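Asker: what would the 3D arrangement of this be:
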Amino acid sequence: MSVTMSRTKRWINMNSQKFNPDGSLKAEARQKMLAKGMSPAAIDDYALRGKQEFDEWKHLDETNPEPWPVFTAYDFFTNEEKRQFNPDGSLKPEYRESELARGMSESWLDEMERRKMLDVDHYNRLSTRYAEQGINFGKEQMEERLASSMTYAQRRKQMKQDLRNFEEPSSLPFDKDTPWF
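Answerer: Below is the predicted model:
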């Protein structure tokens with residue numbers, strides 16, 4: 001499932017101390033800048049550039065909405081967990097029955113369920129909190145998972161690309177003695 005997300009929401013979140021939700025400079029921010037000795041012309045220029053940036057993001061939101069793939073906690077369950085648990089973290093009745101028949105204690109099954117439901121609840125809370133800031137938590141988690149599953153050859157290829165994009169070598173995953181090409 002995919003919806004769209006507002007770029008302006010992220011912009012406001014990042015600039016909320018100085019700018020209003022409509023992209024205009026806050027009066028308090030203007031006063032602080034004046035108190036620091038900035039000229040009114042410089043403040044007006046700063047406010048204009050901020051408003052133009054906001055309007056540019058707003059225009060993009062209206063003409064080319066950003067896709068927002070929706071991931072649930074269930075998308076991050078392992079295959080084994082998907083066999084055991086429902087999307088809300090509760091144990092599947094058939095799994096519970098089979099494990100009880102195999103001799104597993106009811107209290108341990110309840111504890112498994114409690115822990116998984118806490119994990120799902122935690123994921124949902126984080127996802128909601130991040131979405132309020134304009135950040136797709138599920139997408140970031142999925143990208144992180146995919147990146148960590150890359151092979152050595154794939155990571156090396158990505159690193160070569162990062163170097164071509166002038167990334168700082170010390171920020172890359174291999175040490176300085178690794179031959180780049």
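
Asker: what residue spans form the domains of the chain?
Answerer: 2-69, 73-132, 152-181 (automatic domain parsing).

Asker: among the ones you listed, which is nearest residue 143?
Answerer: domain 2-69 (10.4 Å; C-beta to C-beta). The C-beta positions use only the backbone N, C-alpha and C, and glycine is treated the same way.

Asker: let's verify the nearest residue to residue 117 once chain neighbours are set aside: helix, strand, or coil?
Answerer: Leaving out its chain neighbours, the residue that sits closest to residue 117 by C-beta to C-beta, 6 or more residues apart in numbering is residue 89, at 3.6 Å. Recorded secondary structure, residue 89: coil (DSSP: H, G, I helix; E, B strand; the rest coil).

Asker: mind checking how far residue 89 is from residue 39?
Answerer: 58 Å (C-beta to C-beta, to the nearest Å).

Asker: neighbour count for those two, which is higher?
Answerer: residue 89 (22 against 10; other C-beta atoms under 10 Å).

Asker: give the contact list for that one.
Answerer: Residues near residue 89 by C-beta atoms under 8 Å, 6 or more residues apart in numbering: 73, 113, 116, 117, 118, 119, 120, 121.

Asker: now do residue 7 against residue 129, distance only.
Answerer: From residue 7 to residue 129 the distance is 19 Å (C-beta to C-beta).

Asker: swap that for residue 148, sorry
Answerer: Applying C-beta to C-beta to residue 148 and residue 129 gives a distance of 23 Å.

Asker: before we move on, what about residue 66?
Answerer: With the distance defined as C-beta to C-beta, residue 66 ends up 19 Å from residue 129.

Asker: and these two? which has more neighbours close in?
Answerer: Applying other C-beta under 10 Å to residue 66 and residue 129 shows that residue 66 carries more neighbours, namely 15 against 11.

Asker: now the more buried one: phi and psi?
Answerer: phi -80, psi 130 (degrees, to the nearest 10).

Asker: do residue 70 as well
Answerer: phi -100, psi 120.

Asker: was I right about it contacting residue 138?
Answerer: Yes: Residue 70 is in contact with residue 138 according to C-beta atoms under 8 Å; the separation is 6.6 Å.
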